[in-house]
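Participant: A structural model of the following input is requested.
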Amino acid sequence: MRWLSTIVLGCITLVELNAQQSERIDPDRPDQSEGVGILPPHHLQVEWGFGIASGKRLTSELMLRYGLVKDWELRLEGATNHVRGGQWTFDDVTLSSKLGLFSGERWIPKMTLVGYLNYSWAETKKWTPDLCLAFENELTRDIALVYNVASSDGFRSALLTAELYCNLIGDLNGFIEYYGSFKSSSSPIHGIDFGLNYMISHKVQLDASCGRTFLPQGALSYAALGASILL
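Facilitator: I've put the predicted structure just below:
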């Protein structure tokens, strides 16, 4: 019966490993692109970041993600800003829903649909909806191409992103990304950023990033640090 005990123990170990792998943290920060990962049902993930931009403008962001059922999660995101000589002020608050569309096969990418309902403290039009289609192609075992096609400003602008994400060594990963915003009534906005994230455990990840956004009135540089925890 020893062989039977060995088989049973091996099966239990495989189940535990698969459960751990399915619950590995997969944050949506610090890049501009939406990822295709969705939380397992009944899991809560907290993502926080703090950044500084040109002109000594400080930002603090917090996102709460919760897996409702398989391939569907809800998210609540908010941010505060501080400009030199001023006070901390609330930025937009966004309620969003993320739905898995396709798990990917060969050259067909993984696909996720994200719907947003944004509440602006500054704009006269308080509530604005938007949509995003997120895609991911695994180019090799360690390199993935992530890209988004989205709307912003209540479908008044188009957003495009393209990102190369790669495993550098062990639990250290890196990315480089292009992002752009396009609107018929104004000049386009382009940007590039890159960053690193390090997985302390399968439920805790730290990140660092920096980038430069090219606005019609001039360029804006920024850097950020953050952390994500899967509960």
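
Participant: any regions of this protein where pLDDT drops low?
Facilitator: Counting by pLDDT under 70, the chain shows low-confidence ranges at 1-23, 85, 123-125.

Participant: how about the strands in it?
Facilitator: Under the criterion DSSP state E, the chain contains strands at 44-53, 57-69, 72-82, 89-102, 110-119, 127-138, 143-152, 157-169, 172-183, 186-201, 204-215, 218-230.

Participant: turn the ones you listed into a markdown table, including mean neighbour count.
Facilitator: In short, each C-beta sits where N, CA and C put it, glycine included. Formatted as a markdown table, these follow (neighbours: other CB atoms under 10 Å):
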| stretch | mean neighbour count |
| --- | --- |
| strand 44-53 | 18 |
| strand 57-69 | 16 |
| strand 72-82 | 17 |
| strand 89-102 | 16 |
| strand 110-119 | 17 |
| strand 127-138 | 17 |
| strand 143-152 | 18 |
| strand 157-169 | 16 |
| strand 172-183 | 17 |
| strand 186-201 | 16 |
| strand 204-215 | 17 |
| strand 218-230 | 17 |
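
Participant: in TSV, list the ones you listed along with distance to P27.
Facilitator: Output for those, formatted as TSV (distance: least, CB to CB, whole Å):
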stretch	distance to P27
strand 44-53	5
strand 57-69	9
strand 72-82	12
strand 89-102	13
strand 110-119	14
strand 127-138	14
strand 143-152	13
strand 157-169	12
strand 172-183	11
strand 186-201	7
strand 204-215	6
strand 218-230	4
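
Participant: next up, phi/psi of the spatially most central residue of the chain, please.
Facilitator: Geometric centre of the chain, nearest residue: D28, 1.8 Å, by CA atoms, centre = their mean. D28 has phi and psi values of phi -100, psi 10 when expressed as degrees, to the nearest 10.

Participant: ok, it touching I38?
Facilitator: No. The criterion here is CB atoms under 8 Å, and D28 misses it with I38 at 10.2 Å.

Participant: if we can go back for a sec, list the contacts of the residue nearest to the centre of the chain.
Facilitator: 34-35, 37, 47, 63, 65 (CB atoms under 8 Å, 6 or more residues apart in numbering).

Participant: ok, the residues you listed vs Q217, which is closest?
Facilitator: E34 (27.2 Å; CB to CB).

Participant: for the nearest residue to the closest one once chain neighbours are set aside, name its beta-bridge partners.
Facilitator: Spatial nearest neighbour of E34, chain neighbours left out: A134 (4.2 Å); criterion: CB to CB, 6 or more residues apart in numbering. A134 has these beta-bridge partners by DSSP bridges: T112, N148.

Participant: next: the one 4 residues further on.
Facilitator: Per DSSP bridges, the residues bridged to E138 are A144.
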